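K.L.:
Provided below are the primary sequence and the corresponding predicted coordinates.
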Amino acid sequence: MIHIRQTITAILLAAATCATQAQYQTITDSNGKKMEIYIPIAEEEDTKDEVIFTDDKFYQQQGNYGYFKDYAASETETDAISRQIKRLPGSMPMTYNEEVKKYIDRYVKAGRKSTSCLLARAKYYNHFFEEALRTYGLPLELKHLPVIESGLDPNATSRVGAAGLWQFMTVTGREYDLCINSYIDERRDPVKSSDAAARLLSDLYRRFGDWNLALAAYNCGSGRVQNAIERAGGNNDFWEIYQYLPKETRGYVPAFIAANYVMTYSGDYDIYPEPTGLPQKPGKVQITKDVSFAKVANLLNMEVDELKKLNPQFRQGIIKVTNGNATLLLPSEQVARFNSCSPLLYEDPQPTDNTQPSMAANTNNLPQQELTQINTAY
């Protein structure tokens, strides 16, 4: 029993080592334009080179952005933000202080363009986050946790090997039923990683009975949080044990609060989504046999790179089936076409006679040329 407890503790400690370093990423928008963005870091210290996107107009004309359009003239900015945070939808406690303000400023000042990209990504990925959180009855505001974990990039990998939107370490991903091998890395799967993260967060909340402590444990491990509680004389309030936590974890909860605030009230700062090429709405289809991205792309008249972007868990350009099926993410408008044509994916690529392509094309209401392309793409 002692060995089992030690193993579980080690797993949770490993799970909580998250990507909290500065994120520099290159994004291609819907028009093919490449842009390097900066994701505000979740750590305590300030750095001189953190301002990657400096908006001179912002610093010269702060009053022209129309912040907090609904608050009284006599209300200070601090009071306004504090009131807005208290009005955030959800059940998790949100506190406004100087630490939280520091992260808000990074999102709405230095990281304005990055925040625009985050807003666009969130419109797509929140579908998966909210589905998983609802399944386990967790607060929906947790959907903003991947903002500070990965910058909403499923391909993000930390310096210590944590990967995906929710930044799972390998050992913890496997503990929560994520398949990780040379063909598949489900830490990068938006659907399965979100389910695993919801279960992990649920387990941490059951242990500590407090969401701020559960978040801290997600970052640095439940063992370190428990140690901080003991050093604080048994106090289980995050802000009371703050000084006993690792430096990176001290900024984790404030960064999470800031992300909730900014993603909710971005319009007050005239920050709006910047197109990133992701679909407006995701769709899901089931694959029952191993098949190449190229064959699916030909079937749907899509680019292979677009399929890979939506399904980064498949490492080798092949959709690998486990336990009888695999979920493939598509733009929602492609789902009906896939379902009507999917039998063609599993046909023998070499027709047995010259009439077979024509017969199959007639059966599936597809032109013969398109059928030939599909069957030869594997």
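P.N.:
Happy to help now that I have it.
K.L.:
that's a strand at residue 286, yeah?
P.N.:
Yes - assigned with DSSP: H, G, I helix; E, B strand; the rest coil, residue 286 falls within a strand.
K.L.:
so what's it up against?
P.N.:
Contacts for residue 286 (Cβ atoms under 8 Å, 6 or more residues apart in numbering) come out as 325-328. Backbone N, C-alpha and C define where each C-beta goes, glycine included.
K.L.:
hmm, 7 Å instead?
P.N.:
Residues in contact with residue 286 (Cβ atoms under 7 Å, 6 or more residues apart in numbering) are 325, 327.
K.L.:
what's the pLDDT at it?
P.N.:
pLDDT, residue 286: 95.
K.L.:
bridged to it, which residues?
P.N.:
Beta bridges link residue 286 to residue 327, judged by DSSP bridges.
K.L.:
how close does it get to residue 117?
P.N.:
Separation of residue 286 from residue 117 (Cβ to Cβ, to the nearest Å): 31 Å.
K.L.:
again, but for residue 346
P.N.:
38 Å.
K.L.:
neighbour count for the two, which is higher?
P.N.:
Counted by other Cβ atoms under 10 Å, residue 346 and residue 117 do not tie: residue 117 has more neighbours, with 24 against 13.
K.L.:
confirm the more buried one sits in a strand?
P.N.:
No - according to three-state DSSP, residue 117 belongs to no strand; its state is helix.
K.L.:
wait, isn't it in contact with residue 275?
P.N.:
No - contact criterion Cβ atoms under 7 Å: residue 117 and residue 275 do not qualify, at 8.9 Å.
K.L.:
grab the nearest non-local neighbour of residue 205.
P.N.:
Nearest residue to residue 205, sequence neighbours excluded (Cβ to Cβ, 6 or more residues apart in numbering): residue 214, at 4.4 Å.
K.L.:
quick one: the one you found and residue 203 touch, right?
P.N.:
No - applying Cβ under 7 Å as the test, residue 214 and residue 203 come out as separate, 8.8 Å apart.
K.L.:
out of those two, which sits in the busier spot?
P.N.:
residue 214 (24 against 16).
K.L.:
tell me which element that one is part of?
P.N.:
helix 211-220 (DSSP states H and E).
K.L.:
now that helix: how far from the chain's centre is it?
P.N.:
Chain-centre distance of helix 211-220: 17 Å, with Cα atoms, centre = their mean, to the nearest Å.
K.L.:
contacts for that helix?
P.N.:
With contacts defined as Cβ under 7 Å, 6+ apart, helix 211-220 is touched by 12, 16, 18, 92-93, 200-201, 204-205, 208, 225, 236, 238, 245-246, 248-249, 252-253, 256.
K.L.:
for residue 347, report the pLDDT, please.
P.N.:
77.
K.L.:
what number of residues lie near it?
P.N.:
Using other Cβ under 10 Å, residue 347 has 16 other residues around it.
K.L.:
pull the contacting residues for residue 262.
P.N.:
104, 107-108, 115 are the contacts of residue 262 under Cβ under 7 Å, 6+ apart.
K.L.:
most neighbours, which of the residues you listed?
P.N.:
Busiest of the contacts of residue 262 [other Cβ under 10 Å] is residue 115, holding 29 neighbours.
K.L.:
got the contact list for it?
P.N.:
Residue 115 touches 107-108, 262, 266, 271, counting by Cβ under 7 Å, 6+ apart.
K.L.:
rewinding a little: which parts of the helix or strand following the helix holding residue 214 are buried?
P.N.:
Per DSSP H and E, the first helix or strand lying C-terminal to helix 211-220 is helix 222-231. Under the neighbour-count criterion of 16 or more other Cβ atoms under 10 Å, helix 222-231 has 222, 224-226, 228-229 buried.
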